[in-house]
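Participant: Structure, please.
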Amino acid sequence: MNSYRLYVLSPQERVADAREAIYPDDNTALAHAEALKQNNYAVEVWAGERLVARLGEEFRI
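Facilitator: Below you'll find the predicted structure:
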């Protein structure tokens, strides 16, 4: 089991919501992030200092 942080991002790239949870693996964390993404701009999944994935809109430069 690993600790994950899921950040829901606004279109302005700001954290609109943050959740911490323990999941058995990256795939399970990503499935939960996909459910959070529904009508949101993007969701980032972090495991410690490692960015697992970003779901939704791409990074803005």
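Participant: P11 contacts Y41, doesn't it?
Facilitator: Yes: taking Cβ atoms under 8 Å as the definition, P11 is a contact partner of Y41 at 4.8 Å. All C-beta atoms are positioned from the backbone trio N, CA, C, and that covers glycine.
Participant: all strands in this protein, in order from the N-terminus.
Facilitator: Remark: strands assigned in the chain by DSSP state E are 2-9, 15-23, 42-47, 50-56.
Participant: Which residues does stretch 21-31 contact?
Facilitator: If you take Cβ atoms under 8 Å, 6 or more residues apart in numbering as the criterion, stretch 21-31 is touched by M1, N2, S3, Y4, L6, H32, V45, A47, V52, A53, L55.
Participant: oh sorry, the question was meant for stretch 39-59
Facilitator: 2-11, 13, 16, 26, 29-30, 33-34, 36-37.
Participant: Going by neighbour count, list what's buried in it.
Facilitator: N40, A42, V43, E44, V45, W46, V52, R54, L55, G56 (16 or more other Cβ atoms under 10 Å).
Participant: Quick check: closest non-adjacent residue to the second one.
Facilitator: Taking Cβ to Cβ, 6 or more residues apart in numbering, and ignoring the residues beside it in sequence, A42 has G56 as its nearest neighbour in space, at 3.3 Å.
Participant: Pick out the lowest-pLDDT one from the buried residues of stretch 39-59.
Facilitator: Lowest pLDDT within the buried residues of stretch 39-59 is found at N40 (84).
Participant: what stretches of the protein score poorly on pLDDT?
Facilitator: Regions of the chain meeting the criterion pLDDT under 70 cover residues 59-61.
Participant: Now do the contacts for the nearest residue to V8 once chain neighbours are set aside.
Facilitator: In space, and not counting its chain neighbours, V8 is closest to D17: 4.0 Å by Cβ to Cβ, 6+ apart. Neighbouring residues of D17 by Cβ under 8 Å, 6+ apart: Y7, V8, L36.
Participant: residue contacts, the last one?
Facilitator: Shown here is L36, whose contacts under the criterion Cβ under 8 Å, 6+ apart are L6, V8, D17, R19, V43.
Participant: likewise the second one?
Facilitator: Each residue near V8 by Cβ under 8 Å, 6+ apart is listed here: V15, A16, D17, A18, R19, L36, K37, N40, Y41, A42, V43.
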